[in-house]
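**Student:** quick one, structure for this:
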Amino acid sequence: MSADVDQSWGPSVERRARGRRWPRVLAIVLVVALLAAIAFPWWASRQVARVEVTELASSSRPLHILVAGSDSREDLTAEERRELGTGSFEGERTDTIFVMTIDRGEVALLSFPRDLWVPRCDGSVGRINAATVIDGPGCLVRTVRDLSGIDVHHYVEVTFGGFRDVVDAVGGVELCLEEAISDRDAHIDLPAGCQVLDGADALGYVRVRKIDNDLMRIQRQQRFVQALAREVASPGVLLNPFAMASLARDTGDAVRVDQRMGPITMARVGWGARGLASGAVTTHTVPVEPRTTSGGAAVLDVRTTDAEALFAAFRNGSILREIEDQDPDEAAIDPADVQVTVLNGAGVSGLAATVRDQLADRGFDVVAIGNTDRRDETVVQYPPGDQAAARLVADAAPGAGTLQEVADAAGIQVLLGSDAGG
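**Tutor:** Okay, here's the model as predicted:
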């Protein structure tokens with residue numbers, strides 16, 4: 001009888017014991033996860049090299065981080081310079097410049113073309129990419145702030161070799177190219193189609209400019225930053241502590257940050273990178289006008305009226321609300337994949353070219369411009385199935401931007417009316 005009693009009570013007691021243990025096990029798991037979330041940014045922040053940066057503002061919301069790609073060859077051997085096609089230029093200029101604005105996991109990027117002709121920190125006027133030569137990263141911070149009014153809170157710098165190493169640390173980055181890209185000077189020969197770029201090819205992809213111009217080069221850089229963020233946020237990296245530790249070590253050798261950037265800020269940056277990885281990001285380029293200096297050099301001037309509205313949206317964080325309000329179908333579209341034709345029906349000379357430049361600044365692929373019959377209202381025509389892309393174009397184009405589905409439309413066309421000319 002006692003044996004029977006033991007058998008009847010045994011499983012029940014064991015189940016109750018397991019039931020009492022389970023909340024304790026769950027609590028332990030949650031505590032360990034919390035400690036890891038706190039400790040990893042702290043540990044990672046200790047791996048990254050520091051650089052003294054002046055002119056930084058106190059952290060606030062939204063958070064503005066100036067990211068600079070340095071063209072210094074100091075971290076490369078002579079053999080690596082030949083392999084990567086970087087040349088032997090001595091000194092340091094800034095090859096890539098953008099502000100990353102972050103708040104509550106939303107992120108927006110604002111790129112500054114390196115040929116932008118601006119007043120710099122010492123009062124001289126010249127290309128923005130030479131600001132660091134004048135007085136280090138603090139000069140670039142001040143130059144960006146004086147130009148845009150954006151208070152820079154933190155600074156991140158990546159070198160040629162560092163960029164290559166970060167890409168290799170995540171196992172390469174997948175990109176899908178509509179057309180082949182070949183450039184002997186950049187040491188790349190990439191076929192059309194989807195492929196995984198290693199660090200060397202990735203460096204050539206973001207640096208090549210002889211195939212088009214600096215603005216198209218910026219579009220490639222913005223596209224690659226998002227692709228790299230997706231790779232870092234992939235389960236194979238994000239959920240693998242060994243891969244994350246390896247990435248942190250490689251990043252520590254590849255990246256320099258300002259002396260005030262601590263683990264909390266790094267955690268905010270990591271949270272913002274989720275937006276990059278998911279595609280919940282808006283990318284912009286400072287609106288510009290090309291010209292030639294008296295010395296014959298090709299440079300870019302800021303289009304002040306258009307630029308100020310964009311700068312203000314970054315300063316106050318309203319640029320991030322564009323992401324919150326955006327239709328999910330629109331958010332999934334890469335403007336670089338949207339081909340647009342702009343036709344001038346406003347009767348204003350040069351308006352199609354101006355709108356072409358505005359759309360190109362927003363990342364769209366403007367394939368042609370021309371004229372059309374005079375009209376009062378701007379219309380965006382699109383073929384069936386392209387309504388979301390057409391809405392995206394209409395939001396970026398001047399005028400009312402009424403949408404019109406046309407069964408036999410050969411792509412998206414912006415027909416500019418007098419409302420756009422005004």
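**Student:** residue ranges with poor pLDDT in the chain?
**Tutor:** 1-45, 71-93, 160, 209-213, 233-254, 273-280, 294, 322-332, 399-401, 421-422 (pLDDT under 70).
**Student:** and it, what are its domains?
**Tutor:** Domain ranges of the chain: 1-47, 49-325, 330-421, per automatic domain parsing.
**Student:** OK, contacts around the closest residue to residue 261 other than its chain neighbours?
**Tutor:** Among residues not flanking residue 261 along the chain, residue 154 sits closest, at 5.0 Å (Cβ to Cβ, 6 or more residues apart in numbering). In short, each C-beta sits where N, CA and C put it, glycine included. Neighbouring residues of residue 154 by Cβ atoms under 8 Å, 6 or more residues apart in numbering: 56, 59, 63, 64, 65, 66, 257, 258, 260, 261, 265.
**Student:** for residue 154, give the beta-bridge partners.
**Tutor:** residue 65 (DSSP bridges).
**Student:** and the helix or strand encompassing residue 369, what other elements does it pack with?
**Tutor:** Using DSSP states H and E, residue 369 sits within strand 365-371. Where contact means 3 or more Cβ pairs under 8 Å, 6 or more residues apart in numbering; DSSP states H and E, strand 365-371 is packed against strand 339-344, helix 351-361.
**Student:** give the buried residues for it.
**Tutor:** Residues of strand 365-371 classed as buried: 365, 366, 369 (neighbour count, 16 or more other Cβ atoms under 10 Å).
**Student:** now, among those, which is nearest to residue 272?
**Tutor:** Distances from residue 272 to the buried residues of strand 365-371, taken as Cβ to Cβ, are shortest for residue 365 (26.9 Å).
**Student:** coming back round to it: which of the contacts of residue 154 sits closest to residue 418?
**Tutor:** Comparing those against residue 418 with Cβ to Cβ places residue 64 closest, at 38.2 Å.
**Student:** burial count for residue 230?
**Tutor:** A count of nearby residues for residue 230, using other Cβ atoms under 10 Å, gives 17.
**Student:** which of the three states applies to it?
**Tutor:** helix (DSSP: H, G, I helix; E, B strand; the rest coil).
**Student:** strands of the stretch 101-250 of the chain, residue ranges please.
**Tutor:** Listed from the start of the chain, the stretch 101-250 of the chain has strands (DSSP state E, counting those that start in this stretch) covering 106-111, 117-119, 125-127, 154-158, 173-177, 181-183, 188-190, 193-197.
**Student:** out of those, nearest to residue 292?
**Tutor:** Residue 292 sits nearest to strand 117-119 of all the strands of the stretch 101-250 of the chain, at 10.6 Å, using Cβ to Cβ.
**Student:** still on that earlier bit, so the strand holding residue 369 versus helix 351-361, what angle?
**Tutor:** Strand 365-371 and helix 351-361 are oriented at 170 degrees to each other (axes from the mean of the first three to the mean of the last three Cα atoms, to 10 degrees).
**Student:** not counting strand 365-371 itself, show me its contacts.
**Tutor:** For strand 365-371, contacts defined as Cβ under 8 Å, 6+ apart pick out 335-345, 352-353, 355-356, 359-360, 411.
**Student:** buried among those? Make that a PyMOL selection.
**Tutor:** One line in PyMOL is enough to select the buried members of those, burial here meaning 16+ other Cβ under 10 Å:
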select buried, resi 335+336+338+340+341+342+343+344+345+352+355+356+359+360
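**Student:** secondary structure element for residue 314?
**Tutor:** helix 304-316.
**Student:** look up how far residue 287 lies from residue 148.
**Tutor:** When distance is defined by Cβ to Cβ, to the nearest Å, residue 148 is 12 Å away from residue 287.
**Student:** shared neighbours, these two?
**Tutor:** Overlap of the contact sets of residue 148 and residue 287 (by Cβ under 8 Å, 6+ apart) consists of residue 307.
**Student:** how about the nearest residue to residue 396 once chain neighbours are set aside, what does it touch?
**Tutor:** Spatially, and ignoring its direct neighbours in sequence, residue 396 is nearest to residue 362 (4.5 Å; Cβ to Cβ, 6+ apart). By Cβ under 8 Å, 6+ apart, the contact list for residue 362 reads 284, 285, 335, 396.
**Student:** do the same with residue 175
**Tutor:** Residue 175 sits next to 194, 195, 197, 205, 223, 224, 227 when contact means Cβ under 8 Å, 6+ apart.
**Student:** what about the nearest residue to the last one once chain neighbours are set aside, distance to residue 200?
**Tutor:** Read that as residue 227. Spatial nearest neighbour of residue 227, excluding adjacent residues (Cβ to Cβ, 6+ apart): residue 173 at 5.0 Å. Counting by Cβ to Cβ, the gap from residue 173 to residue 200 is 12 Å.
**Student:** my read is residue 349 is in a strand, agree?
**Tutor:** No. Counting by three-state DSSP, residue 349 falls outside a strand, being coil.
**Student:** and residue 95, what element?
**Tutor:** Secondary structure from DSSP H and E places residue 95 in strand 94-103.
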